[in-house]
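Asker: any chance you could fold what I've pasted below:
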Amino acid sequence: MAIRAAVARHGSHHAGIRPRNLLPVPIEEPVVPLRRGFRWGALFWTALAGWCCSAPGSASSTWLEDLFAATKGLGFLGLAFRSAWLRLALGRHRRTRGVQLARLATIEKLHRRAG
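Answerer: Next up, the predicted model:
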């Protein structure tokens with residue numbers, strides 16, 4: 001914040017003024033003490049996330065077993081629905097990732113053009 005205020009007072013750092021040279025003394029980063037001991041909160045949230053991620057797979061597996069137990073036709077129909085849902089989910093993920101990479105490429109092109 002102090003650097004931004006100094007740059008605002010003295011003009012842009014693009015005009016030849018470097019923000020480090022504006023302050024008479026260097027600003028030191030505050031030292032954060034190392035945490036000792038076991039982090040139980042991290043273990044809890046990791047376990048909860050793993051449990052939440054495995055729950056849909058377990059539920060759909062049980063659902064398919066029940067359908068196959070009723071009749072083979074219903075089991076294969078359920079299997080087709082499950083595979084179609086997975087393909088749609090993965091396709092949406094790929095499209096989203098592709099859009100993100102395209103945006104990143106555009107931002108990098110703008111950075112190269114500006115600098």
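
Asker: which residues sit in contact with the residue lying farthest from the centre of the chain?
Answerer: Going by Cα atoms, centre = their mean, the residue of the chain most distant from its centre is Thr71, 41.8 Å out. The contact partners of Thr71, taken as Cβ atoms under 8 Å, 6 or more residues apart in numbering, number zero. Placement of C-beta: from N, CA and C, glycine included.

Asker: let's see that with 10 Å instead.
Answerer: Thr71 makes contact with Leu77 under the criterion Cβ atoms under 10 Å, 6 or more residues apart in numbering.

Asker: quick one: it from Arg35, how far?
Answerer: 57 Å (Cβ to Cβ, to the nearest Å).

Asker: same thing with Arg82?
Answerer: When Arg82 is compared with Arg35 (using Cβ to Cβ), they lie 43 Å apart.

Asker: more neighbours, those two?
Answerer: With neighbours defined as other Cβ atoms under 10 Å, Arg82 and Arg35 compare such that Arg82 has more, 15 against 7.

Asker: what about the more buried one, which SS state?
Answerer: Arg82 carries the three-state label helix when classified by DSSP: H, G, I helix; E, B strand; the rest coil.

Asker: surely it meets Glu65?
Answerer: No. Applying Cβ atoms under 10 Å as the test, Arg82 and Glu65 come out as separate, 11.9 Å apart.

Asker: not counting sequence-adjacent ones, nearest residue to Trp63?
Answerer: Excluding the flanking residues, the one nearest Trp63 by Cβ to Cβ, 6 or more residues apart in numbering is Gly78, at 6.5 Å.

Asker: so where is the protein shaky, pLDDT-wise?
Answerer: For the chain, applying pLDDT under 70 flags the ranges 1-26.

Asker: that one: helices as residue ranges?
Answerer: In the chain, the helices defined using DSSP state H lie at 2-10, 19-22, 40-70, 72-114.

Asker: show me what counts as buried in the third one.
Answerer: Neighbour-count burial for helix 40-70, with 16 or more other Cβ atoms under 10 Å as criterion, is recorded at 60, 64, 67.

Asker: look up how far Arg82 lies from the nearest residue to Gly75 once chain neighbours are set aside.
Answerer: Nearest residue to Gly75, sequence neighbours excluded (Cβ to Cβ, 6+ apart): Phe68, at 3.2 Å. In this view, Phe68 and Arg82 are 12 Å apart by Cβ to Cβ.
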